[in-house]
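Peer 1: predicted model and sequence below, questions to follow.
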Amino acid sequence: MRIGIFAALALAALPLEAHAQGVLAPADQAAPRQSPLIMPPSATPTQPMPMVPAGQVALELGARFSKDAPPITSGLTWRIYAAKPEANGQHRLLREEKSPSPTVVLPTGVYIVHVGFGLATAAKPVTLRSETVREMFDLPAGGLRLEGRVGDVRIPAGQISFDVYRGSQFEPGDRRPIADRVLTGDVVIVPDGTYYIVSNYGDANSVVRSDIRVQAGKLTDITVTHRAAAVTLKLVASRGGEALANTAWSVLTPGGDVIKESIGAFPRFILAEGEYRAIARNEGRVYEHEFKVITGVDGDVEVLAR
């Protein structure tokens with residue numbers, strides 16, 4: 001889910017398109033590192049100053065992270081709307097620009113200018129009269145880049161994903177993620193503030209929740225540490241024997257809660273550190289085996305068909 005919102009005006013009727021998308025984590029499980037958020041130059045060529053016909057005005061636009069920051073050089077989307085809503089209550093989209101610093105020529109009048117940068121947005125009314133108007137928007141936004149590790153080993157990108165939520169995990173209420181299924185190395189641009197990350201390693205129960213702080217103009221690198229391991233289950237007639245096909249599996253906690261179910265000879269699960277019970281069903285018979293998962297120790301769990 002990627003949601004664009006107004007940061008400067010409460011214009012609910014303005015037709016905006018969407019702009020983009022366990023266990024509690026001790027402080028050392030989500031280590032933040034911050035560096036300047038450096039935007040590469042835009043691939044869009046700089047446009048020459050357009051001709052301004054009589055009765056029209058040039059509007060020069062730009063955005064920055066803060067008053068003391070240089071202009072943002074790429075990644076911006078500009079939308080200019082009519083200030084007066086139509087009969088359906090929506091504001092008509094007049095222009096859209098991808099250049100970081102476009103110059104737009106419009107008839108004199110009042111407009112609503114909206115700028116989006118990832119999930120950070122700003123909007124304000126602009127009046128065009130007789131001379132060139134220059135508007136610089138402040139977008140207090142930062143970048144968020146995520147990765148996961150087990151011990152000192154980096155989790156492969158395809159095995160882990162992240163959901164990003166506004167606020168702290170300890171705040172009440174049922175919220176939806178502002179960005180979901182974020183992959184390792186992706187940079188998510190968000191307004192500065194507090195967020196919490198839900199890190200999903202595999203698709204079982206290795207889930208870590210971490211509160212983080214994003215600052216304007218900064219790229220925050222977050223490394224989430226999981227205490228988990230990958231285990232492969234096998235139903236065998238004897239130790240080291242061939243795995244029996246057509247086996248239905250259930251992995252349970254010691255209290256009997258089902259963590260994962262699967263059918264096959266070699267199901268592979270990523271499980272949080274702890275104790276478990278494997279139940280194998282094959283040809284009308286049921287077999288059980290208790291096992292322990294130790295962080296970073298991947299391996300096979302054999303269940304004897306006896």
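Peer 2: Here it is on my side, so go on.
Peer 1: low-confidence stretches in this structure?
Peer 2: Along the chain, segments meeting pLDDT under 70 span 1-31, 38-49.
Peer 1: tell me how it divides into domains.
Peer 2: Described in terms of automatic domain parsing, the domain architecture of the chain consists of the residue ranges 23-43+50-138, 141-225, 228-304.
Peer 1: winner for burial among the ones you listed?
Peer 2: Mean neighbour counts were taken over those using mean count of other Cβ atoms under 10 Å, and the top value, a mean of 18, falls to domain 141-225. Where you see a C-beta, it was placed from the backbone N, CA and C, and this is true even at glycine.
Peer 1: and what about the closest residue to residue 102 other than its chain neighbours, helix, strand or coil?
Peer 2: Distances taken as Cβ to Cβ, 6 or more residues apart in numbering put residue 61 closest to residue 102, at 5.5 Å, once the chain neighbours are dropped. Reduced to three states with DSSP: H, G, I helix; E, B strand; the rest coil, the structure at residue 61 is strand.
Peer 1: may I have the beta-bridge partners of residue 61?
Peer 2: The residues paired with residue 61 through beta bridges, assigned by DSSP bridges, are residue 135.
Peer 1: do the same with residue 113
Peer 2: According to DSSP bridges, the residues that bridge with residue 113 are residue 80, residue 124.
Peer 1: for it, what are its contacts?
Peer 2: With contacts taken as Cβ atoms under 8 Å, 6 or more residues apart in numbering, residue 113 has the following neighbours: 59, 61, 78, 79, 80, 81, 123, 124, 125, 126, 135, 137.
Peer 1: kindly recompute the last result at 10 Å.
Peer 2: Taking Cβ atoms under 10 Å, 6 or more residues apart in numbering as the criterion, residue 113 is in contact with 8, 59, 61, 78-81, 95, 104, 122-126, 135, 137.
Peer 1: my guess is the residue nearest to residue 102 contacts residue 111. True?
Peer 2: No: taking Cβ atoms under 10 Å as the definition, residue 61 is not a contact partner of residue 111, at 11.1 Å.
Peer 1: dig out what the residue nearest in space to the middle of the chain forms beta bridges with.
Peer 2: In the chain, the C-alpha nearest the mean C-alpha coordinate belongs to residue 179, at 3.7 Å (Cα atoms, centre = their mean). The partner list for residue 179 in beta bridges (DSSP bridges) reads residue 164.
Peer 1: try residue 208
Peer 2: Residue 208 has the following beta-bridge partners by DSSP bridges: residue 23, residue 199.
Peer 1: roughly how far apart are the residue lying closest to residue 177 once chain neighbours are set aside and residue 283?
Peer 2: Nearest residue to residue 177 in three dimensions, chain neighbours excluded: residue 163, at 4.2 Å (Cβ to Cβ, 6+ apart). Here residue 163 is placed at a distance of 41 Å from residue 283 (Cβ to Cβ, to the nearest Å).
Peer 1: and what of residue 129?
Peer 2: The spacing between residue 129 and residue 283, counted by Cβ to Cβ, is 85 Å.
Peer 1: for residue 182, same thing?
Peer 2: Distance, residue 182 to residue 283, using Cβ to Cβ: 43 Å.
Peer 1: paired strands for the strand or helix carrying residue 291, with orientation please.
Peer 2: When secondary structure is defined using DSSP states H and E, the element that contains residue 291 is strand 285-293. Neighbouring strands of strand 285-293 in its sheet, by DSSP bridges, are strand 274-282 (antiparallel).
Peer 1: perfect, I'm done here.
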